[in-house]
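**Student:** I'd like to go over a predicted model; first the sequence, then the structure.
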4 protein chains.
Amino acid sequence: MSRLSELQKRFKSNKYTGFGSGTNNQGDRLLNRDGTFNVIRNGQGFLQSINPFHQLITMPWSYFNTMIILVFILINLSFTIGYFLIGLEELSGIFHTSMASQFIEVFSFSAQTLTTVGYGRVSPIGNMANLLASFEALLGLMSFALVTGLLYGRFSRPYAKLLYSEKALISPYQDKTAFMFRIANARKNQLIECEATLLFNYQDKEAGTRRFINLNLELAKVNALSLSWTIVHPIDDKSPMFGLNQKELEDMNPEIILMFKAFDDTYSQVIHTRHSYALNEIVYGAKFLPMFKRSENGYSTLLELNKIGQYQPVELPNS
Amino acid sequence: MSRLSELQKRFKSNKYTGFGSGTNNQGDRLLNRDGTFNVIRNGQGFLQSINPFHQLITMPWSYFNTMIILVFILINLSFTIGYFLIGLEELSGIFHTSMASQFIEVFSFSAQTLTTVGYGRVSPIGNMANLLASFEALLGLMSFALVTGLLYGRFSRPYAKLLYSEKALISPYQDKTAFMFRIANARKNQLIECEATLLFNYQDKEAGTRRFINLNLELAKVNALSLSWTIVHPIDDKSPMFGLNQKELEDMNPEIILMFKAFDDTYSQVIHTRHSYALNEIVYGAKFLPMFKRSENGYSTLLELNKIGQYQPVELPNS
Amino acid sequence: MSRLSELQKRFKSNKYTGFGSGTNNQGDRLLNRDGTFNVIRNGQGFLQSINPFHQLITMPWSYFNTMIILVFILINLSFTIGYFLIGLEELSGIFHTSMASQFIEVFSFSAQTLTTVGYGRVSPIGNMANLLASFEALLGLMSFALVTGLLYGRFSRPYAKLLYSEKALISPYQDKTAFMFRIANARKNQLIECEATLLFNYQDKEAGTRRFINLNLELAKVNALSLSWTIVHPIDDKSPMFGLNQKELEDMNPEIILMFKAFDDTYSQVIHTRHSYALNEIVYGAKFLPMFKRSENGYSTLLELNKIGQYQPVELPNS
Amino acid sequence: MSRLSELQKRFKSNKYTGFGSGTNNQGDRLLNRDGTFNVIRNGQGFLQSINPFHQLITMPWSYFNTMIILVFILINLSFTIGYFLIGLEELSGIFHTSMASQFIEVFSFSAQTLTTVGYGRVSPIGNMANLLASFEALLGLMSFALVTGLLYGRFSRPYAKLLYSEKALISPYQDKTAFMFRIANARKNQLIECEATLLFNYQDKEAGTRRFINLNLELAKVNALSLSWTIVHPIDDKSPMFGLNQKELEDMNPEIILMFKAFDDTYSQVIHTRHSYALNEIVYGAKFLPMFKRSENGYSTLLELNKIGQYQPVELPNS
């Protein structure tokens, strides 16, 4: 495959990717669809490997809420057992006589203590119950302080969400072709000082390694991502994709990786995100349809985010 | 319009603005008066398009407070209905007998539970009411944790507020003229490492596109914005405004855009802000009046922020 | 004064200081002793000029605590009046009969409601009191959420505290002299990537302006401020202080300004701070005494922060 | 020792380290094993030297929790004494008659007030007790607000944890040797834009000073630390370790210091960390074993963190 050898000579590998270069000791795809690295980590004890705060602020809301409720029930059950062990004579105001209802009554007393509601219809009167209830109230406050921090952590986490066109296109560009895809900001946050880097990653089957080549961009930086941004790599003689037909491209099993960096003006934070297009996500001979236009009153620009992936077939020039 | 063609040749367009270049598919003005982009976004489902935390920390205080009170009433109404459905015999201490007063009594019991006040004059005694009240107290704590985070988020959001002179002036400058306007820090925060970029945006009617040209500044960077800063673009032969009369300028429908960046020393955050001057905000032949002077005791400098926009007419040199 | 004219020719003014250049419209000293700018701001309405969050997180603790207690008393007084207006018959459990004791009892009931303690010995029983108490409990929670945010804001604010030698010295340096002073980190935070910029600011009486000249430093950057750092400006022929005797220096009324920047490794924040030395804080012919040594066990380095300003007289070489 | 003199001539010292250069006034090792500086600070009053927030968010969890419980008990004891001083007749609902049980009852009442549980079985009825309880409830809320902030501060602190190979190796590299060690991210946080700087620090016994020389790296920067990173310093003729035998190296008492910087994509924060290898942590003639491989399903890469320090003996080329 002389084409590949030629590539190796003409284009300098980017060794700074941090992805490693072995083909035999790595998985299929470097980036998952959500931009995380396709790496499984093991060899650490469970406690060493987790940062509980990190887990708790990144888990889905459904998990988080379920966990809160389960922990609440669990703590209350423990204290309920505690009050039963001490003896119900140390609680004043117990009304029910059946075991089940007494259990619910004490459980509710515990919940009233943990949440610091403390109606006082049932209240501790013996020494042990008094001290246990004092400790439960302290624990309740501490847990609640923790949850306050977690909720704030969940909400305030920098959270860039970009929309990507589902497919990348090989489109006509000037008198040649270009590889292009389209991004837009899914949030109302203002993203400014945006920078894009595009890596062409392919398997060099001869050398048995993965190689990474930086792709030139028509525009690698924009001041603000207020509209959509079509990221365009011209397939000219400075491109590793130049002169390759679809079959040759397939043989290289390429993955084209976007590294995106911007400043989120709303949270005053630098954000980074990643995305990749595999072979089956590249469409030959198509161009994107416009996704913004003058608004009806003529005063503003209207950005139609649902059109981000819309394209139409188009004939490519002979390249 | 040979002047425009000439401009196009002599000055390099800045394509990195992220504003797009179409004149027919864009609105009138690129930046709103408050520095946000004049873009309307649609095509996303409501839930996808909003980041609730972002909405809640950026909405005006009057909205926020109203929302808090409405949500408080709504939650209490729901639980009030819940307690009625369970039956008032499961609550001990109900005093009133008329329906309306009972409703208020149960509503208040619910509010006491949600806020964890829990006087206990009315308190749950039946199993269902006990459990519902336990859950309401948990919900109350969670909601409150959330509000704590929101309030902190609202307060701690980086918030640069610059004052701008209402008008930009064409003033005498050395032996020519200059385009200038004045900014100052509206807050007591110390803004340091300040950088300004000025873009000249006009409609190239021949080509049917908007073009952006960077304007040279007398001073593009200051160490600290402790006083006012007059941002000065000298209209010399390196300026796209050189040699244009007022009529020609009007035909270009220009919008002059400031991109401002600084480091907020108080919050240790980089802040960015934007502003633009349209044609009707430019005054020909005027100069700014001084806005700081030695304080009366002679020890400090007195900065008079209300004078930021004050100017007086002045004759322009023939340019 | 030919020396000054010469200075003006030989050294390029730094115009990027943001301090302004007028001598007649500015105060005596540009920086206060605490590093803030010696600028008084007026001309804004009270509400426009303040950022309440900023005020509340920067005021001294004694003010903050006093304010909390006063606001607490004030809110309770208002609600106490409210409950009296509604009528004490709407509160159950009022025990006292004298006016003063009743007032304290209702005030305490209000405090129990605002803090959500809610003992319930006194509790609302009428409709109006029920609703007012519900609202007070909500207000209590909101206020408390606010205070939580404020306390966190106060604590987490980036807070570099440098120690400076009280005096700057003119010391022997190699075979000439140097202007030097000493800084150290007053906190245990690790400050890394530290950068210092030194400005020589003097009054050019002929031209009636202040001028700023950058001073060369022996070392303008250190990787970490783990020990002390003696900031040294060699007074050689590249220095504006070269060849000036003490009298000439006095005539220029100089203020030497340090701009310091570092990365606080503990809070992951960039911090900036400023300091200046006026004429009466410069000592001719002295050198600093060492302030760190090998610890007694020989394993560590011992940094003695109380010695930061200690110096001894020394003879200067003829320069 | 001509080798050292030669070093001094050929390699430029890095004076920007901030470590100081004296050998007689410094400790043995510059960096502790945990990356903190081996410096003891004194000479400040206790209050000046501490930043309480910093102490409270960096102390171990066991200390923190113990402190919370002790402070809780201490505050309650103080208020308990206060209520006794006022007299138990100002509290309604006291049930016990023995001194010890009364003490526990009042202590528990205090705890119920401080945590705002407020059952109300015991409640203040006299004026003084009413006011003291109001103040205690306010204090409770404030303390709790503080703890909420502290817990959030503890959790959200930027916290890079790198794994280092226990030993650094002298391994074969191309046709020479190289000094190398291996790092990996111990957390699931994504570390990107990683930069490494390596300093060779040795004692120049002739001159009586420590010297620092920057070591060239095969790769000083990687885009992402998703796998492990072997940091490699080739021992070629540009290395100060070139041509030194083990004995000569020992005489120099070297400490090789890593300064590591990265951007934590999860918390959107720049993080810095340091590590050093002393002489007894360097192994001659060994190479690292692989620590990542293709996962069993072939789709992902499997990173085995427990293998980070594993190496095997290997023969070194004659250098």
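**Tutor:** Looks like it came in fine.
**Student:** the longest helix in chain A is where?
**Tutor:** Looking across chain A with DSSP state H, the single longest helix is helix A:127-156.
**Student:** Test my guess that A:Gln269 contacts D:Tyr267.
**Tutor:** No. With contact defined as Cβ atoms under 8 Å, A:Gln269 and D:Tyr267 do not form a contacting pair (9.2 Å). To be clear about C-beta, it is placed using only N, CA and C from the backbone, and glycine gets the same treatment.
**Student:** all strands of the stretch 51-200 of chain A, in order?
**Tutor:** With DSSP state E, counting those that start in this stretch as the criterion, the stretch 51-200 of chain A has strands at A:91-92, A:123-124, A:162-164, A:168-173, A:176-185, A:191-204.
**Student:** Out of these, which one sits most buried?
**Tutor:** Comparing those by mean neighbour count (mean count of other Cβ atoms under 10 Å in any protein chain shown), strand A:123-124 ranks first with a mean of 27.
**Student:** what does that one contact?
**Tutor:** Strand A:123-124 has contacts (Cβ atoms under 8 Å, 6 or more residues apart in numbering or on different chains) with A:Glu90, A:Leu91, A:Ser92, A:Gly93, A:Phe109, A:Asn130, A:Leu132, A:Ala133, D:Ser108, D:Tyr119, D:Gly120, D:Arg121.
**Student:** Give me the buried entries from those residues.
**Tutor:** A:Glu90, A:Leu91, A:Ser92, A:Gly93, A:Phe109, A:Asn130, A:Leu132, A:Ala133, D:Ser108, D:Tyr119, D:Gly120, D:Arg121 (16 or more other Cβ atoms under 10 Å in any protein chain shown).
**Student:** any idea which of those residues is closest to A:Phe72?
**Tutor:** For the buried ones among the contacts of strand A:123-124, the closest approach to A:Phe72 (Cβ to Cβ) belongs to A:Phe109, at 14.5 Å.
**Student:** pLDDT score for A:Ile132?
**Tutor:** That one is not Ile; residue A:132 is Leu. You'll see A:Leu132 listed with a pLDDT of 95.
**Student:** what residues are up against it?
**Tutor:** A:Leu132 neighbours (Cβ under 8 Å, 6+ apart): A:Phe79, A:Gly82, A:Tyr83, A:Ile86, A:Pro124.
**Student:** Next, the contact list for the second one, please.
**Tutor:** Okay, so that is A:Gly82. Contacts for A:Gly82 (Cβ under 8 Å, 6+ apart) come out as A:Leu132.
**Student:** Does stretch A:268-286 reach chain D?
**Tutor:** Yes. Interface with chain D: stretch A:268-286 contributes A:Gln269, A:Val270, A:Ile271, A:His272 (Cβ under 8 Å from any Cβ of the partner chain).
**Student:** quick one, phi psi at the closest residue in space to A:Ile192 that isn't next to it in sequence?
**Tutor:** The shortest distance from A:Ile192 to any non-neighbouring residue, by Cβ to Cβ, 6 or more residues apart in numbering or on different chains, is to A:Ala224 (4.7 Å). Dihedral angles of A:Ala224 (phi, psi; degrees, to the nearest 10) stand at phi -150, psi 140.
**Student:** per-residue pLDDT, the closest residue in space to A:Phe11 that isn't next to it in sequence?
**Tutor:** Leaving aside its chain neighbours, A:Phe11 sits nearest to A:Ile213 (4.6 Å; criterion: Cβ to Cβ, 6+ apart). We have a pLDDT of 87 for A:Ile213.
**Student:** ditto for A:Leu31
**Tutor:** On the pLDDT scale, A:Leu31 gets 75.
**Student:** Check the gap between it and D:Ser226 for me.
**Tutor:** Going from A:Leu31 to D:Ser226 by Cβ to Cβ, to the nearest Å gives 9 Å.
**Student:** Can you pick out the residue with more neighbours from these two?
**Tutor:** Comparing A:Leu31 with D:Ser226 by other Cβ atoms under 10 Å in any protein chain shown, the one with more neighbours is D:Ser226, at 26 against 22.
**Student:** Do I have it right that the more buried one meets D:Gln190?
**Tutor:** Yes. Taking contacts as Cβ under 8 Å, D:Ser226 lies within contact range of D:Gln190: 7.2 Å.
**Student:** For the residue nearest to the spatial centre of chain A, give its distance to A:Phe53.
**Tutor:** Geometric centre of chain A, nearest residue: A:Asp34, 5.8 Å, by Cα atoms, centre = their mean. For A:Asp34, the distance to A:Phe53 (Cβ to Cβ) stands at 21 Å.
**Student:** next one: A:Met180
**Tutor:** 40 Å.
**Student:** that older thread, can I get the strands of the stretch 51-200 of chain A in JSON lines with mean pLDDT?
**Tutor:** Converted to JSON lines, those look like this (pLDDT from 0 to 100):
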{"stretch": "strand A:91-92", "mean pLDDT": "92"}
{"stretch": "strand A:123-124", "mean pLDDT": "92"}
{"stretch": "strand A:162-164", "mean pLDDT": "89"}
{"stretch": "strand A:168-173", "mean pLDDT": "93"}
{"stretch": "strand A:176-185", "mean pLDDT": "92"}
{"stretch": "strand A:191-204", "mean pLDDT": "87"}
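**Student:** Now tabulate the ones you listed in a markdown table and tack on distance to B:Lys261.
**Tutor:** Formatted as a markdown table, those follow (distance: least, Cβ to Cβ, whole Å):
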| stretch | distance to B:Lys261 |
| --- | --- |
| strand A:91-92 | 63 |
| strand A:123-124 | 60 |
| strand A:162-164 | 23 |
| strand A:168-173 | 33 |
| strand A:176-185 | 19 |
| strand A:191-204 | 9 |
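**Student:** right, and the ones you listed - which one's nearest A:Trp61?
**Tutor:** Checking the strands of the stretch 51-200 of chain A against A:Trp61 by Cβ to Cβ gives strand A:162-164 as the closest, at 21.1 Å.
**Student:** and that closest one, does that touch chain D?
**Tutor:** No. Strand A:162-164 does not reach chain D (Cβ under 8 Å from any Cβ); its nearest approach is 14.1 Å.
**Student:** Name the surrounding residues that touch that strand.
**Tutor:** By Cβ under 8 Å, 6+ apart, the surrounding residues in contact with strand A:162-164 are A:Phe181, A:Arg182, A:Ile183, A:Ala184, A:Asn185, A:Ala186, A:Phe260, A:Thr273, A:His275, A:Leu305, A:Ile308.
**Student:** Check what pLDDT the closest residue to the fourth one other than its chain neighbours gets.
**Tutor:** Right, the one you point to is A:Ala184. Of all residues not flanking A:Ala184 in the chain, A:Ser228 sits nearest, at 4.3 Å (Cβ to Cβ, 6+ apart). Looking at A:Ser228, its pLDDT is 87.
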